[in-house]
Structures are given as structure tokens and as C-alpha cells.
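Participant: sequence? don't have it. structure:
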């Protein structure tokens, strides 16, 4: 048994122009009034003129009236950064991107004119429903229109594991817009749900590629290299969302923290590493000061010390310089060697 592995070709947007609505409106109204006037004249003339039948003309004028009324349904308006995808009996005819008052075929339809809104955009504050990717019944954006405006997706906090397996909480904001209306309407079922789902999937995958912190030398981490991580997230999102004709303008992390079950342990680890780093700097500075003191004593020949006395001096100075509590000096009233 053989199967066909034919891949569906991606849709390509075609920008088209339609008739100016301000020209077609008076023209159609004029034709409609003319049809009504001729119909009245034909009926009146047929009843008054003997031997002349106006019935065929009246029938034509009567049939022409619903046609003109139907043509009046082809008017539509577009605001800036709005578009209308034109579909005539299942055949994609193009996309109108120019704002203004237009007229087109009244039988133009849009295969996906209804836009499903995210649940958090439609629920009431008192509903208590958990925010997520669930959707409410579809709502129309307008008359077969699609918005080209920049939109922001503020993702929920996700609990994932980083590269080292540590559970972390992470969230991101994605700034996106529709770039290809044909792909957005025909290549995915609902492009807004597609953006939400793929954004969550990309963020989970990204978190598994990097460590939260404490990486190897020159290793990119989520906490220390926020710019590089955001660029990687944007690149992955663009690759995923290109199938839906969506352009990602910006993507960046908005929340990053250890999961509550390990947050206290990691905090103690960070505090310990901070203390160790501070101690290292203190010891390095103390050694430098003691070395400088011994060199100055020897250079100026203030005092000649043997190795044992130097060791005792170094020990005392290390206690003074590295000790956390205040040092109380002991005055030696005898000789140097007693």
C-alpha cells in the first residue's frame, strides 16, 4: 500500500485594488433611481398608450432592481493597518491593504473572517477562570477584515526545567503582527491560537537549552545573558510563526526565577558564593598589603626580621586585616624577642 506524501504549498499574498467607493456609491444610487423611474414610466406609458405593450421592458426593469440592490452590498471601509482578504466562491482573489472607502464584488467572502479571541481578553474579572490558551466562541473583527496592527502577547509563567534540570519559572512577552494575510487565513486554522501555542512551545524549548545561572566559563545563561537569550527566542519564534505569515518584531523575557521548592536552597548557594568571592578579595588585598609592608621595612632598613619573626608578623597582620570583629592590640613592654 502506497501513501501520497504531497506537501501543501504555502499561500502567497497578492495585493489587489478595488473600485473607489466614493465613485461607485453615486453611480449605483443613480442607476437605482433611474431603474425605478423607468419602471414607473413604463407602467404608466403602457396603461395610457393604446397598441403598445411595455410589459417586456417592465419585466427587465423589475429584474434589474434586486441586482442593483445586491451591488450596494459591496461597499466596505478599511482603517489604517487593516486589510481584507477577498475570496470568491472558494478562490482566493487577493488582499486589499489600502485604507479608505471601497467597493468590490458583493459575493467576496473571507474564509476565516472570524477571529477567536484569547480567554483572558473576554472573561470578566469576577469569573475566576484560570487564564490560559482556551478560547471563547469566535467573534468577528469586522466585515471580513484582518488587523495588521502590532500586537503584544504577554505569556503566562511557565514552570520548566533548565539545562541542568533545575525547575524554574519563566515568562516572555512577544510583539508580533500579521505580515502575510494569505498565510494567516489559509495555512493555519486560527493564527492567533497558533501564535499563543507556538510561543509557549518555543519558550519551553529555549529554557531547556540554557542554564539558569552558574554556567561554565563563557557559557550563556538565562540570568546573565538576557540579551542573547531574547535574540535566540525571537529567532526561534520567527522560524515557527513564519508558517502563519506572522512577523515577530520583538521577544524578551519578563520573568525568571527558581521554582519555589528550590528557591531557598539556591538563595543560600548564591549567598555562600558571594561570601566566598568577598573573602577571596579580602585575602588578596591583605597579602598585597603585608608584602608591601615587609618590602618597605627591608628597603628603609627600619627593622631586620628573621623568618620566624616575619611569619609571626604575617600571621598577626592577616588576623587584623581579615578578621570580621574589631581587633584589640596587645602592647609588648619587653623586647622584640621575648
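Facilitator: Happy to help now that I have it. Just so it is clear, the structure is predicted and the values come from calculations on it, not from any experiment.
Participant: just the pLDDT for residue 262.
Facilitator: Looking at residue 262, its pLDDT reads 61.
Participant: next one: the one 4 residues further on
Facilitator: Residue 266 carries a pLDDT value of 63.
Participant: start at 34 instead
Facilitator: I'll keep to 34 as the first residue from here, and by that count the last item is residue 299.
Participant: helices along this protein, start to end?
Facilitator: 54-81, 88-104, 152-155, 214-219, 224-240, 259-274, 293-332, 340-355 (DSSP state H).
Participant: rank those helices by pLDDT, which is bottom?
Facilitator: It's helix 152-155: among these, that one has the lowest mean pLDDT, namely a mean of 36.
Participant: pick the most buried one from the helices of the chain.
Facilitator: Comparing the helices of the chain by mean neighbour count (mean count of other CB atoms under 10 Å), helix 214-219 ranks first with a mean of 23. The C-beta positions use only the backbone N, C-alpha and C, and glycine is treated the same way.
Participant: picking up where we left off before, possible to save the helices of the chain as JSON lines with distance to residue 46?
Facilitator: Output for these, formatted as JSON lines (distance: least, CB to CB, whole Å):
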{"stretch": "helix 54-81", "distance to residue 46": "22"}
{"stretch": "helix 88-104", "distance to residue 46": "27"}
{"stretch": "helix 152-155", "distance to residue 46": "26"}
{"stretch": "helix 214-219", "distance to residue 46": "4"}
{"stretch": "helix 224-240", "distance to residue 46": "13"}
{"stretch": "helix 259-274", "distance to residue 46": "15"}
{"stretch": "helix 293-332", "distance to residue 46": "47"}
{"stretch": "helix 340-355", "distance to residue 46": "70"}
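Participant: quick one: closest of these to residue 139.
Facilitator: helix 88-104 (5.6 Å; CB to CB).
Participant: so which of the helices of the chain gets nearest residue 120?
Facilitator: Of all the helices of the chain, helix 214-219 comes closest under CB to CB, at 8.4 Å.
Participant: right, so of the helices of the chain, which gets closest to residue 48?
Facilitator: So among the helices of the chain, helix 214-219 is nearest, using CB to CB, at 9.2 Å.
Participant: contacting residues around the closest one?
Facilitator: The contact list for helix 214-219 (CB atoms under 8 Å, 6 or more residues apart in numbering) reads 43-47, 116, 118, 125, 128, 143-145, 179, 181, 211, 224, 276-279.
Participant: weed out the non-buried ones from those residues.
Facilitator: 44, 46, 116, 118, 125, 128, 143, 145, 179, 181, 211, 224, 277-279 (16 or more other CB atoms under 10 Å).
Participant: of those residues, closest to residue 242?
Facilitator: Nearest to residue 242 among those, with distances taken as CB to CB, is residue 279, at 22.4 Å.
Participant: no more questions from me, cheers.
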